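>>> Below are the sequence and a predicted model; questions follow.
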Amino acid sequence: MKKRFKLTDLDCANCAAKMETAIKKLPGVNDAAVNFMAQKLTVDADDARFDDIMGQIVAVCKKIEPDCVINL
Amino acid sequence: MSKLSKNEQKMLWRILIAAALLIAVRLAVAFWVPDSATSLVVTLAYLVPYAVIGWDVMWRAIRNIAHGQVFDENFLMALATVGAFATGEYAEAVFVMLFYQVGELFQDYAVGKSRASISALMDIRPDYANVEKDGVLTETDPEEVTVGDIIVVKPGERIPLDGVIVEGASALDTAALTGESAPRDVKAGDDILSGCVNQTGLLRIRVAKPYGESTVARILDLVENASEKKAASENFITKFARYYTPCVVLAAVALAFIPPIFVGDFTDWFHRALIFLVISCPCALVISVPLSFFGGIGGASKCGILVKGSSYLEQLAKTSTVVFDKTGTLTKGTFSVTAVHPEEGYTATQLLTSAALAESYSDHPISLSLKGACKEPLDPSRVTDVEEIAGHGVRAKIDGREVCVGNSRLMERESVKWLPCEKPGTIVHVTIGGFYAGHIVISDEVKPDAAAAIADLKANGVKKVVMLTGDTKEVAASVAQTLGVDEFHAELLPADKVDLAEKLLAGKPDGTNLAFVGDGINDAPVLTRADIGIAMGAMGADAAIEAADIVLMDDQPSKIATAMRISRKTLRIVYQNIVFALGVKAVVLVLGALGMANMWLAVFADVGVAFIAILNATRALRVKEFR
C-alpha cells in the first residue's frame, strides 16, 4: 500500500535526505520518498502492518528532525 | 520582496539585534574597556550577542546529539563557534554564527518563495460551483455536484467541473491548463474543461464528470504528487553529502591533532580545523539541486507541460529517439471527409447522404465523420433492414433501394467492380441498387504544428523520429513524408506497438533515451515501457495520462521540444550549482589547511555559496523565453 503524508516544518534539505534513508531501512517498508520541496512523504509499505510501520517512521523522523511533524 | 513569515520576521529581528550588539561590544572593547579588564569580562560581553543569535543552534545541537545525530549542521556550527571562543576569537565566533543564521534565513525565504510561486501556478482549484435547480442558483462545493446537474459560470469565474455547454457563448482563458495565452472561443454544444476561466459571457453547463474525475482534480493530483522519482543528480548529491560531512569532520580532527605533534603550535592548527568544520555543512549542496528541479518542473507547468518527477526532467535532455503514435499526437485524431468521388450519374450529395444514412445507426468514428459531412438533416426513418457486416461495412435499404457502404472487401463480396483512389486515407465505397456509385475519402488531419515540432526535435538533438500507426501504409507514408519522419511502421495492432517499441529501445544509442508519445488507452503499455512516456493531456485517455511520465496539456507536439529545452536549462543550472559549490568548498578547504583562509572565508564558502546556488536555482522557474 502506498500512502502520502504532508510534512510540516521540514526545514532542512539534508535532514529530508537523512529521513528518507532511515525510513527506507525500516523493515516492512518497500519504498519511501521524502520530497523536501513539496514537503511530502510517500511511503510504500506492507498492508497488514502499515499502522505499526507508520509508528516506527514517526519515531525515526522524530530522532532526525524533532521539529518536523508528519500529518497522519 | 514579498512578506516574510512570522518565524522569518522573528529571525530577522534576532539577526539585527545580535548584529547591533556585536558592533556595540566590538566598539566598547576597542575604545572603552581598559587593557586591564580581565578577559573574562570581554568573553562575557561577547557571549551576549552570541546567545541572542545562536541559542537555538546550540539547543538543537545538544538535542540532536542526545538522539545520536552527530554530523548535524547545528552541531558543526556550535562546535566551530565554541572552538573559536575557546581560542579567543570572540568577534569571529559571533560573526560566523550571525552569518550562518542570515544564510539560513535567506534559504528559508528562497525556498518558501519558490514553493509559493508554484502553488500559485497550481491555484486552479475551484472553490464553488453555482448549481441551478428549479431556476434558483446555489453555491455548492464542486465535490457535491453530480453528473447531469446544470451549473452556471459567470464571467470571471473558473469552470469548476468538466461538462458540455447547454447555453451561452464566451471566450475561455485556458492559460492555467495549457500555458496558451490566446483565449479560446466556445459556444453551446462544446465540451468544456474545468480549470479554465470564463472571460466574457454567461455559460450554462451540463456537468459531465464528477469533481474527482474532472480535469482540474486530475492535474492537481499529478502536480502535487510529482517528483517522487528523484533525478540521478539529486540522488548523487544527497549520497555525496552523506560521506562528505563525516570525511571533512575527520579531516578536521586529524588537522587539529596530528600536525601539532610535529610542528607544534596547537592553537593555530586547532583554528584551521574549525574552518574545516564550518565548511563541512552539507545543506548548501543538498538544497540547490532539488530546488533547481522543482523550479524546472514549475516552469514546465507554466508552459502547459506536466512533468511527474525530477528524474524525467533529467532524462528528457538525453532523448535521442522519439516515437509517435500517429493518431492524436501528430494528427488531430478526428476523422473528416476530405474528398467525394462519385461515378458518372451520381452527385456528391447523393453519395454522401446515402452513405451517411446507411451508417446512421453506428457510432463508429467513420460513421460520425460521414454524418458530420452531410449538410442537410438526415431522416433515419428512410433506412430499413440495416445489416452490419463486421470488418466489411454496412448493407441497408434506403427508400427501399439497397445500399452497401464499406471497404474494398465488401465490394469484392458483393462482386461489384470498384475503383481505387489516389488519395491517402480511409476509402469508403458505396453501391446503390447494386451498382458502384463511387467512393468517399476520409482522413485524419495533420496538426498544424506537427511538421515544425519534428524539425524542432531534430534541432534539439533528437536523432531519430519514428511514427507508429494502425492506419494503412498509404496514409502513413503520406503523413510521414509531409512531416519529415525518419521511419514509420503502419498497420500495427496494439501488441505490435509494444514489440516495435522493444526493438527500438534495444536499437537506440547507449546512454540515450527513447520517448514515446501517445494518447490512447492501448498506448499505456508502451508509455510505461519507454524511458519517457509522454501523453497528450486534453484529449488523451485517462489510462494514458496515468501511465505517462510527462503530460502535454494542450496536445501540441511542439511542446516536446520546449520540454527538452527546459530540461536542458534545468540540468545546466544543476551542474553549475554542483560544480560551483564543490569547487568553492574544495578551494577553501585547501586554503584552510594551508592556513591561508580564515573563518570569514569559510562561512562564505558555506552560506555565501548556498545563497548564490539558490539564486541560480530560481532561474529554472523562469521560462518566458520558451512560451
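Sure, I can see it.
>>> Going by C-alpha atoms from here, please, whenever you check contacts or count neighbours.
Noted.
>>> does B:Trp511 sit in a helix, a strand or a coil?
One thing to correct before we go on: residue B:511 is Gly, not Trp. Following DSSP: H, G, I helix; E, B strand; the rest coil, B:Gly511 is assigned to coil.
>>> dump the residue contacts of the spatially closest residue to B:Asp606 that is not a sequence neighbour.
Among residues not flanking B:Asp606 along the chain, B:Ile279 sits closest, at 5.5 Å (C-alpha to C-alpha, 6 or more residues apart in numbering or on different chains). Contact analysis of B:Ile279 by C-alpha atoms under 8 Å, 6 or more residues apart in numbering or on different chains lists B:585, B:588-589, B:602-603, B:605-606.
>>> ok, 10 Å please
B:76-77, B:80, B:245, B:248-249, B:584-586, B:588-589, B:592, B:599, B:601-607 (C-alpha atoms under 10 Å, 6 or more residues apart in numbering or on different chains).
>>> quick one: it from B:Glu234, how far?
20 Å (C-alpha to C-alpha, to the nearest Å).
>>> what about the strands in the stretch 201-350 of chain B?
B:203-207, B:305-307, B:319-325, B:331-342 (DSSP state E, counting those that start in this stretch).
>>> possible to save these as CSV with distance to chain A?
Converted to CSV, the strands of the stretch 201-350 of chain B look like this (distance: least, C-alpha to the nearest C-alpha, whole Å):
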stretch, distance to chain A
strand B:203-207, 30
strand B:305-307, 14
strand B:319-325, 26
strand B:331-342, 36
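>>> looking at those, which is buried most?
strand B:305-307 (a mean of 26; mean count of other C-alpha atoms under 10 Å in any protein chain shown).
>>> How about residues contacting the biggest helix by length in chain A?
Taking DSSP state H as the criterion, chain A has its longest helix at helix A:50-64. Here helix A:50-64 makes contact (C-alpha under 10 Å, 6+ apart) with A:1-3, A:15-16, A:18-20, A:22-24, A:26-29, A:43-47, A:66-72, B:63-69, B:72.
>>> re earlier: of the contacts of B:Ile279, buried ones?
With neighbours counted by 16 or more other C-alpha atoms under 10 Å in any protein chain shown, the contacts of B:Ile279 contain buried members at B:76-77, B:80, B:245, B:248-249, B:584-585, B:588-589, B:592, B:599, B:601-607.
>>> before we move on, back to that, any chance of the strands of the stretch 201-350 of chain B in JSON lines, plus mean pLDDT?
JSON lines is the format used below for these (pLDDT from 0 to 100):
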{"stretch": "strand B:203-207", "mean pLDDT": "91"}
{"stretch": "strand B:305-307", "mean pLDDT": "86"}
{"stretch": "strand B:319-325", "mean pLDDT": "90"}
{"stretch": "strand B:331-342", "mean pLDDT": "80"}
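>>> Which residue ranges make up the domains of chain B?
With automatic domain parsing as the criterion, the domains of chain B are listed as B:1-121, B:129-224, B:333-445.
>>> Can you pull the residues of chain A lying near chain B?
Counting by C-alpha under 10 Å from any C-alpha of the partner chain, the positions of chain A adjacent to chain B are A:4, A:11-18, A:21, A:32-42, A:60, A:62-67.
>>> Now, these that are in helices?
Reading helices off these with DSSP H, I get A:13-18, A:21, A:60, A:62-64.
>>> What is the longest helix of chain B by residue count?
Max-length helix for chain B by DSSP H is helix B:559-593.
>>> and the helix or strand following that helix, average pLDDT?
Proceeding N to C from helix B:559-593, the next assigned helix or strand is helix B:599-603, under DSSP states H and E. The average pLDDT within helix B:599-603 is 82.
>>> Stretch A:52-67 now?
On average, stretch A:52-67 scores 87.
>>> Check the offset of it from the chain's centre.
Here stretch A:52-67 is found 7 Å from its chain centre; the criterion is C-alpha atoms, centre = their mean, to the nearest Å.
>>> Look at residue 33 and report its pLDDT.
No chain in the question, so chain A it is. At A:Ala33, the pLDDT recorded in the model is 85.
>>> Oops, wrong one, chain B.
64.
>>> Let me see the ranges of the strands in the stretch 351-500 of chain B.
B:383-389, B:393-398, B:401-406, B:426-432, B:435-446, B:464-468, B:487-489.
>>> Compute the inter-axis angle for the longest one and strand B:401-406.
Relative orientation of strand B:435-446 with respect to strand B:401-406: 40 degrees, computed using axes from the mean of the first three to the mean of the last three C-alpha atoms, to 10 degrees.
>>> and if you look at the fourth one?
For the pair strand B:426-432 and strand B:401-406, the angle between their directions (the same axes, to 10 degrees) equals 170 degrees.
>>> can you give me how far strand B:426-432 is from the chain middle?
Per C-alpha atoms, centre = their mean, the centroid offset for strand B:426-432 relative to its chain is 45 Å.
>>> Show me what counts as buried in stretch B:450-469.
B:450-458, B:460, B:462, B:464-469.
>>> Filter those residues down to the ones in helices?
B:450-458.
>>> Return the member of these nearest to B:Asp519.
B:Ala450 (15.0 Å; C-alpha to C-alpha).
>>> pretty sure that closest one contacts B:Leu483?
Yes - look at B:Ala450 against B:Leu483 with C-alpha atoms under 10 Å: they come within range, at 6.8 Å.
>>> Need the overlap of contacts for those two.
By C-alpha under 10 Å, 6+ apart, the residues touching both B:Ala450 and B:Leu483 are B:Leu330.
>>> which stretches of the stretch 501-627 of chain B have low pLDDT?
Applying pLDDT under 70 to the stretch 501-627 of chain B picks out residues B:520-521, B:538-542, B:626-627.
>>> switch to 90 and redo it
Flagging of the stretch 501-627 of chain B using pLDDT under 90 yields the residue ranges B:501-512, B:518-531, B:535-558, B:578, B:581-586, B:588-589, B:592-627.
>>> residue in it nearest to chain A?
The nearest approach of the stretch 501-627 of chain B to chain A comes at B:Ala610, 12.0 Å away (C-alpha to the nearest C-alpha).
>>> related to what we said a few turns ago, of all the strands of the stretch 201-350 of chain B, which one is nearest B:Asn7?
strand B:305-307 (32.2 Å).
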